[in-house]
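1. sharing a sequence plus its predicted fold:
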Amino acid sequence: MSTDWRERYRDKLCTAREAVARVESGQRVLTSVATTEPRYLIAALCERWRELRNVDVFCSNTMQPYPWFEPERGDAFRLHANYLSGHLRPLYKERRLDYDITTVYSPAKWREPGRESGLLEADVLLLMVSPPDADGYCSFGEQLWYSPTWVERAKCVIAEVNPLLIRTGGDNRVH
């Protein structure tokens with residue numbers, strides 16, 4: 001007898017701190033973009049800065065001034081971006097952030113059916129999703145971009161469930 005999706009979902013629920021305990025030194029961590037940044041997961045990961053080393057963080061269009069931007073956390077987090085939001089520009093000018101338009105994704109590497117993607121290979125993907133619908137599917141919200149491909153390719157996926165996240169149609173959901 002197969003387990004109901006609701007039971008599996010309940011078994012996976014935990015705090016942000018418990019979830020990001022899976023991140024290890026030397027790993028590549030990718031965050032979803034802009035308005036779907038998983039703020040609580042990022043904050044919990046930033047709290048671990050004294051115990052982590054050389055975690056490569058790949059972000060884009062960052063909307064918040066996260067603690068991993070602070071100079072003293074540079075040994076824990078190496079920052080990479082393909083878009084310089086207002087919060088990232090000072091870090092780039094100070095040479096505390098690697099900027100490369102193709103680092104995380106580029107238009108030439110977008111998800112296309114039947115074609116291998118050139119997207120970044122991540123050890124850990126941190127993203128935001130909606131709560132599951134009646135069939136157990138969570139939506140990636142309005143910033144789906146590459147989320148379906150990232151979820152398929154990341155070794156570990158950690159999702160922050162946001163009840164306010166908009167549901168959108170199309171290939172924009174994960175079970």
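-> Structure received.
2. do you know how far the residue most central in space within the chain is from Gly170?
-> When Cα atoms, centre = their mean is applied to the chain, the residue found nearest the centroid is Thr31 (2.2 Å). For Thr31, the distance to Gly170 equals 22 Å [Cβ to Cβ, to the nearest Å]. The C-beta positions use only the backbone N, C-alpha and C, and glycine is treated the same way.
3. go on, Ile158?
-> Distance, Ile158 to Gly170, using Cβ to Cβ: 23 Å.
4. and the two? Which one has more around it.
-> Just comparing Ile158 and Gly170: by other Cβ atoms under 10 Å the higher neighbour count belongs to Ile158, 23 against 9.
5. element containing the more buried one, please.
-> Using DSSP states H and E, Ile158 sits in strand 156-161.
6. and the helix or strand that that strand is followed by, how far from the chain's centre?
-> Proceeding N to C from strand 156-161, the next assigned helix or strand is strand 173-174, under DSSP H and E. Distance of strand 173-174 from the chain centroid (Cα atoms, centre = their mean, to the nearest Å) equals 15 Å.
7. tell me which strands strand 173-174 pairs with, and in which orientation.
-> strand 138-139 (antiparallel) (DSSP bridges).
8. check which element follows the partner strand along the chain.
-> Next element after strand 138-139 (DSSP H and E): helix 147-153.
9. what separation do you get for Ser60 and Arg10?
-> To Arg10, Ser60 is 32 Å away according to Cβ to Cβ.
10. who has more neighbours, the two?
-> Neighbours per residue (other Cβ under 10 Å) separate Ser60 from Arg10, with Ser60 holding more: 23 against 9.
11. backbone dihedrals for that one, both of them.
-> With angles defined as degrees, to the nearest 10, Ser60 sits at phi -150, psi 140.
12. just checking, it touches Ala81?
-> Yes - applying Cβ atoms under 8 Å as the test, Ser60 and Ala81 come out as touching, 5.9 Å apart.
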